[in-house]
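Asker: Here's my sequence, what's the structure:
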Amino acid sequence: MNSDTPGWTPQLPPRPKTEAGEIRRIGVEIELSGLTVAEVALLLGEALSADVEITSPYEHILRGDEAGPWRVELDYAYLKNLGREHADRSADDAPSEVDPTSLLKDATEGIIRRGAEVLVPVEVVSPPLPMPRLAEVEQLLSILRRAGAKGTGASLSYAFGMQLNPELPALDATTITRYLQAFLCLYDWLLDRSQIDATRRLTGYSAGFPATYVRRVIDPDYRPTTAALIDDYLADNPTRNRALDLLPLFTHLDEERVRKVVVDPRVKARPTFHYRLPNSEIDDPEWGVRVVWDDWLAVERLAADPPRLQRVCARYLELLERPLGGLLRDWAEEVKPWLGDR
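Answerer: Purely as a prediction, here's the structure:
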């Protein structure tokens, strides 16, 4: 696979394997404009030596990767549904009479498509990849950039992002709690590093966590069971719109418990975090999955170092419980010495 991106070998986290002894996997989702679904699928299919299956004009699937299928789609559910209906109708024999409803849907689809192609991103969704294969994702982003892909900064109307879905090293309550605590303690630093676009901030797609929830979780004495961890999360965060969305993970662990509170078909069960914070800056040669991954590794390192994590939690909680504490100190700066090896 050729690329204009210099060779990059992703560092692995301190806990690189699952309890089964397998290298942890990670899914990557990237939103972009400037290219059509068909153009993106063709470029990626060639780079991955994958076959392109056209599900509809708005959804293409790349098959042949041993990790599983890749998806390229227009990130707009209604338009995708219309596209599927159109594909289904095309597969049938021609009707003996013109169906006015079908004609209306075709006209509606055309109008929506023209608007969607301006505002709605094309999304590339990888299968769960062994973490070392992030190097390949970096090369794919370079290929798309050279072909004209644009990111969040290309228009004031764009709110495009990159999302990581890192598999956990273990699924016990202690491991999950430590990761969550590490993320909450580093959120201000990650937010500062990510320089979130104003449009994305306004959408709330990757919002932070309520202050009361943060205080509860970073308390060094917080040691919940899995059930209590899920219940606490659902009480304050019954939404996908969090910078670190835990609904897929908790649905994997206890689907019935989650579905009683969150009825959203977009929530899919999987043993991963859903990190939603970063912009998509695919048109910037200085940016790539390497930048996002290197920042996420700070969370991995802090979560894997319980004594250091306890000290950071205690310090952050002390700051938050002071009157106007968050206004008097810059936690994003203060936390830097605690980041470990970067």
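
Asker: My read is that residue 19 contacts residue 168, right?
Answerer: No. Using CB atoms under 8 Å, residue 19 makes no contact with residue 168, being 9.4 Å away. In this view, the C-beta of every residue, glycine as well, is placed from N, C-alpha and C.

Asker: Between the two, which is the more surrounded one?
Answerer: residue 168 (19 against 12; other CB atoms under 10 Å).

Asker: Against residue 146, how distant is that one?
Answerer: Using CB to CB, to the nearest Å, residue 168 is found at 35 Å from residue 146.

Asker: quick one: the strands in the stretch 201-342 of the chain?
Answerer: For the stretch 201-342 of the chain, the strands defined by DSSP state E, counting those that start in this stretch occupy 244-245, 274-275.

Asker: contact partners of the first one?
Answerer: Strand 244-245 is contacted by residues 180, 183, 273-277 when judged by CB atoms under 8 Å, 6 or more residues apart in numbering.

Asker: if you look at these, which of them are in helices?
Answerer: 180, 183 (DSSP state H).

Asker: Now render the contacts of strand 244-245 as JSON lines, adding pLDDT, neighbour count and distance to residue 225.
Answerer: Shown next, in JSON lines, are those (pLDDT from 0 to 100; neighbours: other CB atoms under 10 Å; distance: CB to CB, whole Å):
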{"residue": "180", "pLDDT": "98", "neighbour count": "25", "distance to residue 225": "14"}
{"residue": "183", "pLDDT": "97", "neighbour count": "23", "distance to residue 225": "20"}
{"residue": "273", "pLDDT": "97", "neighbour count": "24", "distance to residue 225": "19"}
{"residue": "274", "pLDDT": "97", "neighbour count": "22", "distance to residue 225": "22"}
{"residue": "275", "pLDDT": "97", "neighbour count": "25", "distance to residue 225": "24"}
{"residue": "276", "pLDDT": "92", "neighbour count": "21", "distance to residue 225": "26"}
{"residue": "277", "pLDDT": "91", "neighbour count": "26", "distance to residue 225": "28"}
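
Asker: For the closest residue to residue 236 other than its chain neighbours, grab the count of nearby residues.
Answerer: Closest residue to residue 236 apart from its sequence neighbours, by CB to CB, 6 or more residues apart in numbering: residue 213 at 4.0 Å. Neighbour count for residue 213, taken as other CB under 10 Å: 18.

Asker: Next one: the residue nearest to residue 219 when sequence neighbours are not counted from residue 188, what distance?
Answerer: Leaving out its chain neighbours, the residue that sits closest to residue 219 by CB to CB, 6+ apart is residue 317, at 6.1 Å. Using CB to CB, residue 317 is found at 14 Å from residue 188.

Asker: Neighbouring strands of the longest strand seen in the chain in the sheet, and parallel or not?
Answerer: Longest strand in the chain by number of residues (criterion: DSSP state E): strand 25-32. Sheet partners assigned to strand 25-32 using DSSP bridges are listed as strand 122-125 (antiparallel), strand 129-130 (antiparallel), strand 162-166 (antiparallel).

Asker: ok, then the element right after that strand?
Answerer: helix 37-48 (DSSP states H and E).

Asker: Counting by contacts, list what the helix or strand following that following helix packs against.
Answerer: Per DSSP H and E, the first helix or strand lying C-terminal to helix 37-48 is strand 51-56. Under the contact criterion of 3 or more CB pairs under 8 Å, 6 or more residues apart in numbering; DSSP states H and E, strand 51-56 touches helix 37-48, strand 59-63, helix 77-91.

Asker: now the first one: how far from the chain's centre is it?
Answerer: Taking CA atoms, centre = their mean, to the nearest Å, one finds helix 37-48 lying 21 Å from the centre of the chain it belongs to.

Asker: So which elements touch that helix?
Answerer: strand 51-56, strand 59-63, strand 70-74, strand 122-125, helix 134-146.

Asker: Redo the ones you listed as TSV? Include mean pLDDT.
Answerer: Putting these into TSV (pLDDT from 0 to 100) gives the following:
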stretch	mean pLDDT
strand 51-56	94
strand 59-63	97
strand 70-74	95
strand 122-125	95
helix 134-146	97
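
Asker: Can you add distance to residue 241 and mean neighbour count and give the ones you listed back as TSV?
Answerer: Output for these, formatted as TSV (distance: least, CB to CB, whole Å; neighbours: other CB atoms under 10 Å):
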stretch	distance to residue 241	mean neighbour count
strand 51-56	27	15
strand 59-63	24	20
strand 70-74	20	23
strand 122-125	17	23
helix 134-146	25	21
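
Asker: Of all these, which one is nearest residue 27?
Answerer: Among the helices and strands packed on helix 37-48, the nearest to residue 27 by CB to CB is strand 122-125 (7.2 Å).

Asker: Which residues outside that closest one are in contact with it?
Answerer: 27-33, 35-37, 40, 44, 70-75, 140, 144.

Asker: from the chain's centre, how far out does that strand sit?
Answerer: For strand 122-125, the distance to the chain centre is 11 Å (CA atoms, centre = their mean).

Asker: sorry, back to before: wait, isn't the residue nearest to residue 236 in contact with residue 238?
Answerer: No. Residue 213 lies out of contact with residue 238 (CB under 8 Å); the separation is 11.6 Å.
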